[in-house]
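J.: Requesting a structural model of the entry that follows:
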Amino acid sequence: MDRPTSTAFDPGWLDVTPIRLRCNVIKRTLVPGRGDPLDSAWANLMFSYVLYITKRPSAQALAAAGHTPPPDGNASIGEGRRIEAAGPINATTGVTSLVPGLEVGLLSMTEGERAIIEVMPDMAFDEGQTPTRMEITGAAETLFFDVTMRNVTGGTRVNGEIIKFVQQEGGGGTAGSAAKRPEYEAAVEVQVRKAHPLTGQLGKFEKMAFTVGGRDSTTEEDAVVMSMVEGELATVYIRRFEYVFMLRKVTPPSSPLPVEIVEVEGALLPRQSSSGAPVDDAAPKYKFVSRLLPAERFAAARLRKDEAQSLMEAGLLRKAAEKYQRAALIVTAEPSLLAQVATEAESRDLLGVLYHNVGRMLEKEGREYGQALRWAEESVKTNPGYMKGYYLRQQLYRLRGMYKEAREDLAFLDYQAAQPEPPKGCPSVADISAERARIDEAEEADKQQAAAL
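T.: Down below sits the predicted model:
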């Protein structure tokens, strides 16, 4: 696989019809690719690139010279400097450190496509970018990436901290049988490879056997295996650490212990046989998570949510966060709840609250603001109408020094609060003003600290 063939910046690239992407990133396709772009923010990519940088004249400079900037921004930019060429390289969006604007462009590309990705200075460097790289390119220069996409593999987000890429589809038992997807109380056998935290090198496969939801497994391991089917092989990133999971065997419990005794509207729902017919007998009508109807599953999740609330009131924030995660897993263990019209709205409403509550517990602990932010983002993504998710997210943005993003969330909340009937959970105008003052105060303190250094 060769690198892109360009050895010098070609001004003719700017004559190609531009496509404006998110964050003011511009793409110009030189060679079309195959298939459709991914409908996902998570992807494993193999690509090659050549990087050029050049200064684009400002609007003021063009006006002083008697020129008007064209509406598409294709002003003359002069000669571009070739900085580096690399590839083929592998990268995982959301995990690998990439130029933010380049990542936006890469996610719009398809296999075999060659394109020029134009990245403005404000999207050229992520928070914490090293000064050396800044000195090389210059803060006022525009980046042009001549990119050839070799391979694209889409991924899925299991929850706020876990991204999964399926390498081998699962089969699930004998021919014609349904794929076995583990739920609570199922016994599973897995093989796991873990990457070294410093070198990133994957170790050998290790065998593990545990009961989902039991004491021998972590919340993350439960979430991963519950998103898989028997026989599936997947690369998984948990908080940027790489794992490879192979789900070897799923054994439903022969005599399962009841996980919850669920009451819906004051009474247990009638049990059903394997054929779906009601069962009327004198046996205790225990309900198991693996057998719950949608209404029962929601009730079971809310039971766990209430338990988490009690733990929070007792000051056990870490245990409360784990209990909220368990509640969310009861819902996400049945993927069809988010796919069916009859249950999607209730699923998103409940999950938005649960994800928010996990993030809030971590924020209250005063640690792990990065993890808390991921849960807040998952709350907003799952339920865009849940205002408390935005409110928590802007607080975490402020705590991490991301003041621009915090103000954007506050502007959205300000707009919602000004409506004749503000959405449920929307903070008051006074609360929003107080948060805006905290952002100004924190930003000013950062500036004074920087000046003192």
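J.: Give the helix, strand or coil label for residue 47.
T.: strand (DSSP: H, G, I helix; E, B strand; the rest coil).
J.: Can you verify my assumption that it contacts residue 148?
T.: Yes - under the criterion of CB atoms under 8 Å, residue 47 makes contact with residue 148 at 6.4 Å. All C-beta atoms are positioned from the backbone trio N, CA, C, and that covers glycine.
J.: for residue 110, phi and psi?
T.: phi -120, psi 170 (degrees, to the nearest 10).
J.: whoops, residue 53 was the one
T.: Dihedral angles (degrees, to the nearest 10) for residue 53: phi -130, psi 150.
J.: Please report how far it lies from residue 115.
T.: From residue 53 across to residue 115, the span is 17 Å (CB to CB, to the nearest Å).
J.: for residue 36, same thing?
T.: Taken as CB to CB, the span from residue 36 to residue 115 is 15 Å.
J.: Those two - which one has more neighbours?
T.: Between residue 36 and residue 115, residue 115 has the larger neighbour count (other CB atoms under 10 Å), namely 26 against 7.
J.: Which secondary structure element is home to that one?
T.: Assigning secondary structure by DSSP states H and E places residue 115 in strand 114-119.
J.: now for that strand, which elements pack on it?
T.: With contacts defined as 3 or more CB pairs under 8 Å, 6 or more residues apart in numbering; DSSP states H and E, strand 114-119 has these neighbours: strand 26-31, helix 100-106, strand 142-154.
J.: and the angle for it with strand 26-31?
T.: For strand 114-119 against strand 26-31, the angle by axes from the mean of the first three to the mean of the last three CA atoms, to 10 degrees is 170 degrees.
J.: Pick the most deeply packed of the helices and strands packed on strand 114-119.
T.: The highest average neighbour count among those, using mean count of other CB atoms under 10 Å, belongs to helix 100-106 at a mean of 23.
J.: who touches the strand holding residue 115?
T.: Outside strand 114-119, the residues that touch it by CB atoms under 8 Å, 6 or more residues apart in numbering are 4, 13, 16, 18, 25-31, 99, 101-102, 105-106, 109, 142-149.
J.: Least confident secondary structure element in this protein?
T.: Lowest on mean pLDDT, DSSP states H and E among the helices and strands of the chain sits helix 131-137, with a mean of 36.
J.: before we move on, back to that, so for residue 47 and residue 148, which residues contact both of them?
T.: Residues touching both residue 47 and residue 148 by CB under 8 Å, 6+ apart: residue 87.
J.: Residue 393 and residue 377 touch, don't they?
T.: Yes - using CB under 8 Å, residue 393 is in contact with residue 377, at 6.3 Å.
J.: Spit out the residues that contact the two alike.
T.: By CB under 8 Å, 6+ apart, residue 393 and residue 377 have no common neighbours.
J.: burial of residue 53, as a residue count?
T.: By other CB under 10 Å, 20 other residues sit near residue 53.
J.: Give me the number of neighbouring residues for residue 439.
T.: Neighbour tally, residue 439, other CB under 10 Å: 19.
J.: and what of the one 3 residues further on?
T.: By other CB under 10 Å, the residues close to residue 442 number 15.
J.: just use 553 as the starting number from now, easier for me
T.: With the count now opening at 553, the last piece we talked about shows up as residue 994.
J.: Need the nearest residue in space to it, chain neighbours excluded.
T.: What sits nearest to residue 994 in space, not counting adjacent residues and going by CB to CB, 6 or more residues apart in numbering, is residue 950, at 5.8 Å.
J.: Give me the secondary structure label for the one you found.
T.: Strictly by three-state DSSP, residue 950 counts as helix.
J.: and it, how many residues sit next to it?
T.: When counting by other CB under 10 Å, one arrives at 23 neighbours for residue 950.
J.: Tell me where the model's unsure across the stretch 903-1005 of the chain.
T.: By pLDDT under 70, the low-scoring segments of the stretch 903-1005 of the chain are 919, 1005.
J.: swap the cut-off to 80 and go again
T.: Residues of the stretch 903-1005 of the chain that meet the criterion pLDDT under 80 lie in 918-921, 1002, 1004-1005.
J.: quick one, helices of it?
T.: Per DSSP state H, counting those that start in this stretch, the stretch 903-1005 of the chain carries helices over the ranges 921-934, 939-951, 955-969, 981-1004.
J.: Just confirm residue 786 contacts residue 717, I think it does.
T.: Yes - assessed by CB under 8 Å, residue 786 is found in contact with residue 717 at 6.2 Å.
J.: Compare the two (neighbour count), which wins?
T.: residue 786 (23 against 18).
J.: and that one, which of the three is it?
T.: Residue 786 - assigned by three-state DSSP - is strand.
J.: Return the set of residues that bridge with it.
T.: residue 718, residue 797 (DSSP bridges).
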